[in-house]
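S.K.: pasting the sequence and the predicted model now:
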Amino acid sequence: MITQEEITEALNIDIHGTVTHNKPGSRWDGMRVGTKHHTGYIVHTIKGKQYGLHRLVFMYFHGYMPVAVDHYDQDKANNKISNLVPSNATHNGMNRKLNKNNTSGHIGVLFDKRRNRWKAQIKVNAKQMSLGNFKTIEEAVACRAEAEVKHGFSKLHGASNGKS
């Protein structure tokens, strides 16, 4: 596990998420770091180990590495310290975008062809819960939204991922 001191020695990081090399006397000194990973996160390698830049930024400012670091606005490239919040797998799952293969346009809502009804469901603490079956999509969406509020999901949960 990398330490805050190792990050400080290798990088300069500002509150806007700009990360540059800290190598005085080197041609790399002051140059921006990071490569876009296929997952959408910006990554950087220190001492042969690859890290998500968002995790390095969080550790640089807070001095510890949480289980997960969540991007509040869901933009994986926005590494401003104000956009990064400590998280865990459960919380991260409560602040996710709409999957690109979603056909209803609403997270947790699907059409049950067998019953010819709309089904609402939600996953809380790794448990999938059925919220019921409904005649209309509007009823299913309303039920799902109510459950999200009840269980403390992010207001951005299920937002469009821009890949319509």
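M.R.: Structure received. Residues are numbered from 1 along each chain as shown.
S.K.: residues contacting Asn88?
M.R.: For Asn88, the contact set (CB atoms under 8 Å, 6 or more residues apart in numbering) comprises 66-68. Where you see a C-beta, it was placed from the backbone N, CA and C, and this is true even at glycine.
S.K.: export these to TSV and tack on neighbour count, secondary structure and distance to Ile2?
M.R.: Shown next, in TSV, are the contacts of Asn88 (neighbours: other CB atoms under 10 Å; DSSP: H, G, I helix; E, B strand; the rest coil; distance: CB to CB, whole Å):
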residue	neighbour count	secondary structure	distance to Ile2
Pro66	16	coil	14
Val67	11	coil	15
Ala68	18	strand	16
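S.K.: with pLDDT and distance to Asn101 as extra columns, can I get those in a markdown table?
M.R.: Below are these laid out as a markdown table (pLDDT from 0 to 100; distance: CB to CB, whole Å):
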| residue | pLDDT | distance to Asn101 |
| --- | --- | --- |
| Pro66 | 91 | 29 |
| Val67 | 89 | 27 |
| Ala68 | 89 | 23 |
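S.K.: how about the residues you listed in a markdown table, adding distance to Tyr41?
M.R.: A markdown table is the format used below for those (distance: CB to CB, whole Å):
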| residue | distance to Tyr41 |
| --- | --- |
| Pro66 | 16 |
| Val67 | 16 |
| Ala68 | 12 |
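S.K.: in the protein, which spans are strands?
M.R.: Here the chain has its strands, by DSSP state E, at 11-13, 19-21, 35-36, 42-46, 49-52, 68-71, 84-87, 109-112, 117-124, 127-134.
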